[in-house]
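Visitor: take a look and give me a structure for this.
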Amino acid sequence: MGYRIAQDEQADRVLGEHPFALLTGMALDQQFPMERAFAGPAKILERFGSLDPAEIAAAEPEQFASLCAEPPAVHRFPGSMAGKIQEIARIVVEEYDGDASRLWTEAADARELMRRLQALPAFGKQKAQIFTALLAKQAGIRPEGWEAAVGDYALEGYRSVADVTDEATLAKVRSYKKEQKAAARASGV
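Guide: Predicted coordinates:
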């Protein structure tokens, strides 16, 4: 799959080649620029030498956190995010035999996929909806009921990372998010 989320050829290639990378990029996409979050898995691969969930889960936590913190850090909170990445890796190993793609390829329907995603650290309902929309819109993985499960993220437009396919769409998504935050502040939410 050819993603253009990180706006970096190598980082985007890693997202397409490693299902765990795509899952990790989504986990990192909070309180951090989207394209930098999705570039994080390529940094981990370069520094750690692997994106194998079993190897990441087994890594010594302080060493793994240290490589995540090495400039440029994989996230603005590299220590806590390193722990979440290792926990996601552990779950992928224990529940999906080390294959992150099984989260979505073996889900009976979108509700099951949403449940599986929300069981992961760093994945609340909204993040699970966005990731499901990303799979549907960009990878063609459309479990039954995906549109209903993801709500407005299924619509055409530029609402989330699911709609980022190049630099222009990244700018449109960023603009949409700014508008949403401004509207929330104006309404006192």
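Visitor: only C-alpha atoms from now on, for both contacts and neighbour counts.
Guide: Noted.
Visitor: what segments of this protein are strands?
Guide: Listed in chain order, the strands of the chain (DSSP state E) amount to none at all.
Visitor: can you find the helix or strand in it with the smallest mean pLDDT?
Guide: Every helix and strand in the chain was compared by mean pLDDT, DSSP states H and E; the lowest is helix 167-186, with a mean of 92.
Visitor: and it, how far out from the chain middle?
Guide: For helix 167-186, the distance from its own C-alpha centre to the chain's C-alpha centre is 19 Å (CA atoms, centre = their mean, to the nearest Å).
Visitor: got it, and stretch 157-167?
Guide: Mean-position distance between stretch 157-167 and its chain equals 13 Å (CA atoms, centre = their mean).
Visitor: neighbouring contacts of it?
Guide: The contact list for stretch 157-167 (CA atoms under 8 Å, 6 or more residues apart in numbering) reads 3-5, 7, 34, 130-131, 133-135, 137-138, 153, 169-170, 172-173, 176-177.
Visitor: how about stretch 26-39?
Guide: Contacts made with stretch 26-39 from outside it, assessed by CA under 8 Å, 6+ apart, are listed as 5-8, 11-12, 15, 22, 24-25, 40, 74-76, 81, 85, 121-123, 127, 131, 161.
Visitor: quick one: buried residues of that stretch?
Guide: By neighbour count, and taking 16 or more other CA atoms under 10 Å as the criterion, the buried residues in stretch 26-39 are 26-29, 34-39.
Visitor: which of the contacts of stretch 157-167 are buried?
Guide: Applying a neighbour-count criterion of 16+ other CA under 10 Å, the buried members of the contacts of stretch 157-167 are 3-5, 7, 34, 130-131, 133-135, 137-138, 153, 169-170, 172-173, 176.
Visitor: from those, which ones fall inside helices?
Guide: Judged by DSSP state H, the subset of those located in helices is 34, 130-131, 133-135, 137-138, 169-170, 172-173, 176.
Visitor: poorly predicted segments of the chain, please.
Guide: Applying pLDDT under 70 to the predicted model, the residue ranges of the chain that meet it are 1, 189.
Visitor: and the residue nearest in space to the middle of it, how far from residue 138?
Guide: Using CA atoms, centre = their mean, the residue of the chain that lies closest to the mean C-alpha position is residue 26, 1.2 Å off. Remark: distance between residue 26 and residue 138 (CA to CA, to the nearest Å) = 14 Å.
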